[in-house]
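Asks: have a look at this prediction, sequence included:
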Amino acid sequence: MFGTLVNTAAIIAGSIIGMILKGGIPRHYSETVMQGTAFLPLYLRHRSASAYYFPHFPF
């Protein structure tokens with residue numbers, strides 16, 4: 001339950017910050033963040049699969 005409340009508060013805080021900064025972030029920064037956000041799940045999946053198939057080999 002605590003995690004749900006923290007997550008809700010983080011979403012609300014992020015929404016408020018986003019409304020305040022709307023249009024204030026340059027487009028190339030926004031694109032870089034979006035690309036990094038898209039790349040992160042692929043990286044985490046690779047690490048997880050590597051740890052499963054090669055448990056004694058650090059990646």
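Replies: Arrived safely. Numbering: from 1, shown residues only.

Asks: next, name the residue at the spatial heart of this protein.
Replies: residue 37 (5.2 Å; C-alpha atoms, centre = their mean).

Asks: gap between the longest helix belonging to the chain and the chain center?
Replies: Counting residues, the longest helix in the chain under DSSP state H turns out to be helix 27-53. Here helix 27-53 is found 8 Å from its chain centre; the criterion is C-alpha atoms, centre = their mean, to the nearest Å.

Asks: other SSEs contacting it?
Replies: Contact here means 3 or more C-beta pairs under 8 Å, 6 or more residues apart in numbering; DSSP states H and E; on that basis helix 27-53 packs against no helix or strand. In short, each C-beta sits where N, CA and C put it, glycine included.

Asks: pLDDT of it, averaged?
Replies: The average pLDDT for helix 27-53 rounds to 83.

Asks: cool, stretch 13-22 as well?
Replies: Here the average pLDDT along stretch 13-22 is 86.

Asks: please tell me how far residue 45 sits from residue 25.
Replies: Here residue 45 is placed at a distance of 28 Å from residue 25 (C-beta to C-beta, to the nearest Å).

Asks: again with residue 8
Replies: 24 Å.

Asks: now do residue 10
Replies: Taking C-beta to C-beta as the measure, residue 10 falls 19 Å from residue 25.

Asks: just residue 50 next, same as before
Replies: Relative to residue 25, and taking C-beta to C-beta, residue 50 is found at 34 Å.

Asks: check residue 54 too.
Replies: Where residue 25 is concerned, residue 54 sits at a distance of 40 Å (C-beta to C-beta).

Asks: cool, and residue 18?
Replies: Residue 18 is 9 Å from residue 25, by C-beta to C-beta.
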